[in-house]
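> Fold the stuff below for me.
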Amino acid sequence: MDWLNFIIFTLISSFEYVAGLVFIAALFRFRYFLRMKMHIFMVCVLLSYVSYTTRTVYGLAIESTLIQIGLMMLFIWLLFKVQFYYAALMSLTGHVAYGAVQFLLLFVYNFAGIFTLEDLEALIWPSHILPLSSSLIFLMISRLIIKKNWGFSFVPDRADEDLELKTRKITVILVSIAILIFILSSFHRIGITLISNIYVSSLIYIAAFVIFLIISINKERKND
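Numbers count the residues shown, from 1 in each chain. Below is the predicted model:
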């Protein structure tokens, strides 16, 4: 293991996860997430380690994304005490939003010739500019959401409200989440692996984020 690359990757990747969790906390008005600094630190470092090992050791670039989404769901569900259905919605929304921002920046950097896709795959400088700038922009968006008091409030805090779900409903929810993840990963593979086109990948993530926003807006209206 190249320890220098591992440390750099861990620091940058952890920063990305921090930005993602801050965005999720801002968008779904779970501001108390931001006070759980040790929980967030542990989650981000662990996810960074999983990302590094699955990508560099086992060569599972596409599968690594799915593993990280699944782990993020579990962390939000267990550590932050959010019901699993909502934890899945929050995780997927945060992931596709970050993916949309990052792919748009990737297009700009690639067009400007700052770095190549080969540099990005090899995780070498100056491709580190992409995750760092993506995270900064994501944090600025999150701050704007908090400042303007935007976001959704329909997600119940299980610590305050423990909702009972019937077995059939739980089954439907889990199947729906599995289908959503499968569709997202399939589109991701089409855009990155089969077509190798960042335009396609950008449109896929933007479209997915819009879909999750529509779902959240409809849910918010029903709860009003």
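> is it true that Ala19 touches Met140?
No - using C-beta atoms under 8 Å as the test, Ala19 is too far from Met140 to be in contact (9.6 Å). No exception for glycine: its C-beta is placed from N, CA and C like everyone else's.
> When the two are compared, which one has more neighbours?
Ala19 (25 against 11; other C-beta atoms under 10 Å).
> For that one, list the residues it contacts.
By C-beta atoms under 8 Å, 6 or more residues apart in numbering, the contact list for Ala19 reads 98, 134-136, 138-139, 142.
> Enumerate the positions of the longest helix seen in the chain that are buried.
Longest helix in the chain, counting residues (DSSP state H): helix 84-112. The neighbour-count check on helix 84-112 (16 or more other C-beta atoms under 10 Å) flags 84-106, 109-110 as buried.
> quick one, phi/psi of Thr54?
With angles defined as degrees, to the nearest 10, Thr54 sits at phi -70, psi -30.
> swap in Tyr58?
phi -100, psi -10.
> contacting residues for the closest residue to Ile215 other than its chain neighbours?
Spatial nearest neighbour of Ile215, excluding adjacent residues (C-beta to C-beta, 6 or more residues apart in numbering): Leu89 at 7.1 Å. Leu89 makes contacts with 155, 212, 215-216, as judged by C-beta under 8 Å, 6+ apart.
> And Leu74, by the same measure?
Leu74 neighbours (C-beta under 8 Å, 6+ apart): Ala87.
> the helices in this protein, which residues?
Under DSSP H, the chain gives helices at 3-27, 37-52, 61-78, 84-112, 117-122, 129-147, 167-189, 198-223.
> for this protein, which residue is closest to the average position?
His95 (2.3 Å; C-alpha atoms, centre = their mean).
> Quick check: that residue touching Phe23?
No - using C-beta under 8 Å, His95 is not in contact with Phe23, being 10.1 Å away.
> on that earlier part again, any chance of the helices of the chain in a markdown table, plus mean pLDDT?
Converted to a markdown table, the helices of the chain look like this (pLDDT from 0 to 100):
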| stretch | mean pLDDT |
| --- | --- |
| helix 3-27 | 90 |
| helix 37-52 | 89 |
| helix 61-78 | 81 |
| helix 84-112 | 84 |
| helix 117-122 | 70 |
| helix 129-147 | 93 |
| helix 167-189 | 58 |
| helix 198-223 | 75 |
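> What values do phi and psi take at Gly113?
phi 70, psi 20.
> residues touching it, list them.
Contacts of Gly113 (C-beta under 8 Å, 6+ apart): none.
> Quick check, pLDDT for it.
Note for Gly113: predicted pLDDT of 82.
> where's it relative to Ser134, distance?
According to C-beta to C-beta, to the nearest Å, Gly113 stands 19 Å off from Ser134.
> For the residue nearest to the centre of the chain, which non-adjacent residue is closest in space?
Per C-beta to C-beta, 6+ apart, closest to His95 is Ile69, 5.6 Å.
> Spatially nearest residue to Glu63 (excluding sequence neighbours)?
Thr54 (6.7 Å).
> I meant Met36, not that one.
Phe80 (7.2 Å).
> Could you report the neighbour count for that neighbour?
22.
> show me what contacts it?
30, 33, 36, 39, 87.
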